[in-house]
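Chemist: predicted model, plus sequence, below.
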Amino acid sequence: MRNLKRFLTLGAALGAAFAAVATSSFAEPTKTIRIGLQKSSSLVTILRTNGELEKRFAALGYKVDWKEFTSGLPLLEALNIGAIELSADVADTVPLFAQAAGAKLTYVAQEAPSPTAQAILVPKDSPLQSVAELKGKKIAFTKAAGVHYLLISALSKEGLKFGDIDPAYLTPADGRAAFEKRAVDAWVVWDPFVAAAQKQADARILADGSNGVASYQRYYLASSSFAETESEVIQTYFDLLEETGKWVKANPKDAAEILGPAWGLETDIVAAANERRSYQVRPVKPEDLTEQQRIADVFFAENVLPKAIAATEAQIWSPRKKSSEATQN
C-alpha cells in the first residue's frame with residue numbers, strides 16, 4: 001500500500017509537470033508583431049498564404065497582424081511611426097526617403113538585383129521608340145518607388161534631366177487607369193503590374209533597368225528598436241525568406257498558383273513577373289549601402305530627396321552564420 005501511494009504521488013507530480021510543460025508549449029502567443037506588405041511582396045505573400053510564418057512566430061510567442069499598403073513609401077512611413085515592426089520587401093529607393101524623414105530603420109535582408117522587373121511602358125501603338133523621346137512627355141509613376149530612380153537614371157543616360165519631363169505621381173492602380181485612358185504618355189511601374197499591363201493593357205516595354213540603368217534591389221527592414229531587442233524573430237524571418245525565395249525559383253508554377261489568386265491575377269501573368277525577379281535573399285552588406293548612397297545623391301541632385309542623407313550610416317542587422325560558414329571561417 002505504501003508503494004502504491006508513493007507511485008500515485010509520483011504519477012501526480014509527473015502529470016502536473018507534464019501539464020505545465022504542455023501549457024507552456026501550446027500557450028497562445030502573448031505579443032503581436034505587425035508586418036507590412038504590398039502587392040509586389042511575393043515571398044511574404046506566400047508565407048502569409050501558407051501560414052508558415054505565423055506558425056514559426058507563434059513558437060516565439062508572437063501572433064501576426066498583417067497590414068497592406070499600396071506601395072513602399074507609405075509602408076515605411078508606417079514603420080517610422082511605429083504602426084508596424086517588420087516590412088516586406090520594398091524597392092531600394094524607398095528606405096532613403098524614410099531615412100530623410102528621420103526614420104530609425106534597420107536593413108535586415110536584401111534580394112539580389114532584378115533589373116528587368118520594373119520598366120517604362122508605352123502603349124503598343126505609341127510613336128515613342130526611345131527614352132530620349134520622353135522629353136516634354138507626361139509620365140506616370142509612384143513617387144519614391146524604385147521606378148522613380150529608374151526613370152531618372154534612364155533619362156540621364158540620354159542626356160535628359162528629371163525636369164525635362166512632366167511627372168504624374170500616381171499609385172499603381174491610378175497609373176494603370178491613366179495609362180489605359182491615354183491620360184499619360186508613359187507609365188513606369190514594377191512587376192507584377194508590368195506583366196499584367198503587357199497582357200491586359202497592350203503595353204510595350206520602352207526600357208527597363210538593364211545595362212546598368214538601375215539594378216533594382218529590394219530590401220526587407222525592421223524598426224531599429226525592434227531589431228535591437230528581437231534578434232531571434234528577425235533571424236526566423238530571414239531564414240523563412242531565404243527558404244521561400246529558393247522554393248519559388250525551384251517551383252515557379254506552384255508559386256504562381258499561390259500568388260495568382262492572392263493577387264487576383266492569372267497565373268501566367270504571375271509566372272511572367274516571377275521570371276524577372278531574382279528572389280535570392282541574402283544578408284545586407286556595407287557595400288550595398290554605398291550603392292544606396294549613390295541613389296540618394298542622384299535624388300538630392302534632382303531636388304527629389306528633401307535633404308542630403310548619409311545612407312551608409314543606416315543600421316544593418318546581420319544573420320547568424322550557418323555551421324558550414326563558421327567552419328570555413
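Modeler: Received it, and whenever you're ready, just let me know what you need.

Chemist: where does pLDDT dip in the stretch 51-200 of the chain?
Modeler: Of all residues in the stretch 51-200 of the chain, none has pLDDT under 70.

Chemist: ok, which stretches of the stretch 101-250 of the chain are strands?
Modeler: Under the criterion DSSP state E, counting those that start in this stretch, the stretch 101-250 of the chain contains strands at 105-111, 118-123, 138-141, 166-169, 186-190, 203-208, 218-223.

Chemist: how far out from the middle of the chain is the last one?
Modeler: Between the mean C-alpha location of strand 218-223 and the chain-wide mean there is a distance of 7 Å, by CA atoms, centre = their mean, to the nearest Å.

Chemist: then the fourth one?
Modeler: Strand 166-169 sits 24 Å away from the centroid of its parent chain (CA atoms, centre = their mean).

Chemist: ranges for the helices of the stretch 51-200 of the chain?
Modeler: 52-59, 72-80, 94-100, 146-157, 172-180, 193-200 (DSSP state H, counting those that start in this stretch).

Chemist: wait, which of the ones you listed is closest to V281?
Modeler: Using CB to CB as the measure, helix 52-59 is the one of these that comes nearest V281, at 13.7 Å. For glycine as for every other residue, the C-beta is placed from the backbone atoms N, C-alpha and C.

Chemist: what's that closest one packed up against?
Modeler: Using 3 or more CB pairs under 8 Å, 6 or more residues apart in numbering; DSSP states H and E as the contact criterion, the elements in contact with helix 52-59 are helix 42-50, strand 62-68, helix 231-250.

Chemist: ranking the ones you listed by burial, who's on top?
Modeler: helix 42-50 (a mean of 22; mean count of other CB atoms under 10 Å).

Chemist: just the angle for it relative to helix 52-59, thanks.
Modeler: Relative orientation of helix 42-50 versus helix 52-59 (axes from the mean of the first three to the mean of the last three CA atoms, to 10 degrees): 70 degrees.

Chemist: which secondary structure elements does helix 42-50 contact?
Modeler: By 3+ CB pairs under 8 Å, 6+ apart, helix 42-50 packs against strand 31-37, helix 52-59, helix 231-250, helix 252-263.

Chemist: about what we covered before: out of the helices and strands packed on helix 52-59, which comes closest to L289?
Modeler: Of the helices and strands packed on helix 52-59, nearest to L289 by CB to CB is helix 231-250, at 17.6 Å.

Chemist: how big is the angle separating the closest one from helix 252-263?
Modeler: Using the same axes, to 10 degrees: helix 231-250 against helix 252-263 is 120 degrees.

Chemist: which residues does helix 231-250 contact?
Modeler: Helix 231-250 is touched from outside by 33, 42-44, 46-47, 52-53, 56-57, 60, 62, 86, 108-109, 111, 220, 222, 226-227, 255, 274, 279-283, 317, 319-320, with contacts defined as CB atoms under 8 Å, 6 or more residues apart in numbering.

Chemist: which among those residues end up buried?
Modeler: The neighbour-count criterion (16 or more other CB atoms under 10 Å) marks 33, 42-44, 46-47, 53, 56-57, 62, 86, 108-109, 111, 220, 222, 226-227, 255, 274, 279, 281-283, 317, 319 among the contacts of helix 231-250 as buried.

Chemist: quick one: S71 and L37, what's the gap?
Modeler: Per CB to CB, to the nearest Å, S71 is found 11 Å from L37.

Chemist: and if you look at R320?
Modeler: Taking CB to CB, one finds R320 at 25 Å from L37.

Chemist: would CSV of the helices of the stretch 51-200 of the chain with distance to D164 be doable?
Modeler: Shown next, in CSV, are the helices of the stretch 51-200 of the chain (distance: least, CB to CB, whole Å):
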stretch, distance to D164
helix 52-59, 44
helix 72-80, 24
helix 94-100, 22
helix 146-157, 7
helix 172-180, 20
helix 193-200, 24
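
Chemist: and of these, who's closest to P127?
Modeler: Counting by CB to CB, P127 lies closest to helix 172-180 out of the helices of the stretch 51-200 of the chain; the figure is 15.7 Å.

Chemist: alpha carbons of the closest one, in PDB - could you do that?
Modeler: Extracted C-alpha coordinates of helix 172-180, given in PDB (Å, rounded to 0.1, in the frame of the first residue of the first chain):
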ATOM      1  CA  PRO A 172       0.000  51.700 -59.400                       C
ATOM      2  CA  ALA A 173      -3.800  51.400 -59.600                       C
ATOM      3  CA  ASP A 174      -4.200  55.100 -60.700                       C
ATOM      4  CA  GLY A 175      -1.200  54.800 -63.000                       C
ATOM      5  CA  ARG A 176      -2.800  51.900 -64.800                       C
ATOM      6  CA  ALA A 177      -6.100  53.800 -65.200                       C
ATOM      7  CA  ALA A 178      -4.300  56.900 -66.600                       C
ATOM      8  CA  PHE A 179      -2.300  54.700 -68.900                       C
ATOM      9  CA  GLU A 180      -5.400  52.900 -70.300                       C
END
